[in-house]
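S.K.: Here is a sequence with its predicted model. Questions after.
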Amino acid sequence: MITFFPGPSKVYKQTGEFLQDAFQQGILSISHRSETFTTISKKAITLLKEKLHVPQDYTVMFTSSATECWEIIAQSLVKQESLHVYSGAFGEKWYSYAAKLLPGARGIQIGDNEFIDPLQLPIIASTEILCLTHNETSNATQVKPEILRAIRQQYPELLIAMDATSSMAGVYLPFSDADIWYASVQKCFGMPAGLGILICSPRAIEKMKEVGENEHYNSLKNIYDNIQQWQTNYTPNVLNIYLLSRIMEMVPDINKVEARIKEQALHWYRLINRLNDLHLLVNNPDVQSDTVIAVKASKEIIADIKSKAKSEGILLGSGYGSLKETTFRIANFPAIEEHEIDKLTKFLENYKFNS
Ligand SMILES: *Cc1c(COP(=O)(O)O)cnc(C)c1O
């Protein structure tokens, strides 16, 4: 089965070999306080910073998931008010998780085809942090670097947090234009689920100290203090941290990865535009995602195409949330190979809805 699910998604084909190495080298039984572990953890972080172009003064930390990062940000980096601007289900979920911890959280929903206008942002004196979804996996939209840059210039003092769960390691991220970036590894990293990556700027760390929150096992201060020794505050997913070190070693520089991903995205957008039965959920090229493509059609066509694809060994990504029955998604993640893209391309080109 070839999978185009946008998470959990296809893992790199080398994963089997890396897993075998981990088993044979005894890594599955090591203590997370041992030097063997800290060496692996340091290697994973160092290579991640190098390959993804993370600024040297930013801190890379491990969490269990992106969902956990939603709570860590609300509990450890905000006193009262976060502002969330979103167009899809993940941004909305982030807002609703934040609102449970912060009664002052504010959320603003924009349309699928709308981009964030920096001049229209309702930032007020009490806004401590702006929360944006870099790549909204549910509706396949993305915050383009020019928009983020313009927001940064408009509000140079404001902390900005970006959910890059389905774009980190797939496209180049302009890290210095935001303060907090996070992802989980079952999307563009091409890894099995169960590890989150949280990246903070020196300013975010300052804010963490100012907030001074230290009441939870996952208080950012705990995580931050432990990572100074390449360690974690609890027994982490050592296997996945090991896999991350191997995968970061293996992948090319992010600029190279991005060039391929963008070219493939263009291919998918052109192809869908050419087909009669299928339409793009998002037509505005200023917000179209490079790493997830959402395709819209009638309920009948969506059900039909998913089942016909399945019988040819292709798993199309289901629509998410309210878009479940009227869309499918194509993950355009780095671990997906050219022959797989060719197979789906041929399938879509030949697809006819005739029942
Ligand atoms: C998948 C996803 C999440 C949730 O990731 P978990 O690993 O399940 O916590 C959050 N945000 C976005 C944009 C996602 O795509």
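M.R.: That came through fine.
S.K.: residue contacts, Cys131?
M.R.: Counting by C-beta atoms under 8 Å, 6 or more residues apart in numbering, Cys131 touches Ile73, Ser82, Leu83, His84, Val85, Gly91, Trp94, Tyr95, Ala98, Ala161, Asp163. Where C-beta positions appear, they are placed from N, C-alpha and C, glycine not excepted.
S.K.: For the ligand, see how far away the fourth one is.
M.R.: In this case it means His84. To the ligand, His84 is 12 Å away according to C-beta to the nearest ligand atom, to the nearest Å.
S.K.: in its sheet, what does the helix or strand harbouring that residue sit against?
M.R.: Secondary structure assignment for His84, by DSSP states H and E: strand 82-86. Strand 82-86 has the following sheet partners, assigned by DSSP bridges: strand 106-109 (parallel), strand 129-133 (parallel).
S.K.: how about the last one, does it get close to the ligand?
M.R.: Yes: for strand 129-133 and the ligand, the contact criterion (C-beta under 6 Å from any ligand atom) is met by Thr133.
S.K.: how far is that strand from where the chain is centred?
M.R.: Its chain's C-alpha centre lies 14 Å from the corresponding centre of strand 129-133 when counted by C-alpha atoms, centre = their mean, to the nearest Å.
S.K.: List of residues touching the helix or strand that it is followed by?
M.R.: Following the chain from strand 129-133 toward its C-terminal end, the next helix or strand by DSSP H and E is strand 135-136. For strand 135-136, the external contacting residues (C-beta under 8 Å, 6+ apart) are 86-91, 141-143, 163-167, 289, 291-292.
S.K.: hmm, try it at 7 Å
M.R.: Residues from elsewhere that reach strand 135-136, judged by C-beta atoms under 7 Å, 6 or more residues apart in numbering: Tyr86, Ser87, Gly88, Phe90, Gly91, Gln142, Ala164, Ser166, Ser167, Ser289, Thr291, Val292.
S.K.: quick one: strands adjacent to that strand?
M.R.: If you go by DSSP bridges, strand 135-136 pairs up with strand 141-142 (antiparallel).
S.K.: got the residue ranges for the helices in the protein?
M.R.: 15-24, 35-52, 66-76, 89-101, 145-154, 202-211, 220-227, 238-250, 254-274, 299-311, 338-350 (DSSP state H).
S.K.: how near is Asp286 to Asn113?
M.R.: According to C-beta to C-beta, to the nearest Å, Asp286 stands 9 Å off from Asn113.
S.K.: Tell me the bridge partners for the residue in the stretch 201-350 of the chain positioned nearest to the ligand.
M.R.: When C-beta to the nearest ligand atom is the measure, the stretch 201-350 of the chain has its nearest residue to the ligand at Val292, with 8.1 Å between them. The residues paired with Val292 through beta bridges, assigned by DSSP bridges, are Ala331.
S.K.: Who's the closest spatial neighbour of Leu195, skipping the chain neighbours?
M.R.: Of all residues not flanking Leu195 in the chain, Asn240 sits nearest, at 4.0 Å (C-beta to C-beta, 6 or more residues apart in numbering).
S.K.: what's the neighbour count on that neighbour?
M.R.: Here the number of neighbours of Asn240 (other C-beta atoms under 10 Å) works out to 24.
S.K.: Around the ligand, pick out the residues from the stretch 101-250 of the chain.
M.R.: Thr133, Thr137, Asp163, Thr165, Ser166, Ser184.
S.K.: Low-confidence ranges, this structure, go.
M.R.: Counting by pLDDT under 70, the chain contains low-confidence ranges at 355.
S.K.: could you redo the last one with a cut-off of 90?
M.R.: Where the chain drops to pLDDT under 90, the residues are 354-355.
S.K.: Looking at Asp286 and Asn113, which one has more neighbours?
M.R.: Remark: of Asp286 and Asn113, Asn113 carries more neighbours, 16 against 13, as counted by other C-beta under 10 Å.
S.K.: The more buried one: what's its closest spatial neighbour, skipping adjacent residues?
M.R.: By the measure of C-beta to C-beta, 6+ apart, the closest residue to Asn113 outside its immediate chain neighbours is Asn284, 4.3 Å from it.
S.K.: Any idea how many residues pack against the one you found?
M.R.: Each residue near Asn284 was counted by other C-beta under 10 Å, and the total is 13.
S.K.: same check, this time on Lys93
M.R.: 17.
S.K.: who's in contact with it?
M.R.: Lys93 makes no contacts at all, as judged by C-beta under 7 Å, 6+ apart.
S.K.: That one and Thr165, how far apart?
M.R.: Relative to Thr165, Lys93 is positioned 11 Å away (criterion: C-beta to C-beta).
S.K.: what do you get for Asp304?
M.R.: Counting by C-beta to C-beta, the gap between Asp304 and Thr165 amounts to 30 Å.
S.K.: what do you get for Pro334?
M.R.: The value you get for Pro334 to Thr165, if C-beta to C-beta is used, is 15 Å.
S.K.: So which of the residues of the stretch 101-250 of the chain next to the ligand wins on neighbours?
M.R.: Ranking those using other C-beta under 10 Å puts Ser166 first, with 32 neighbours.
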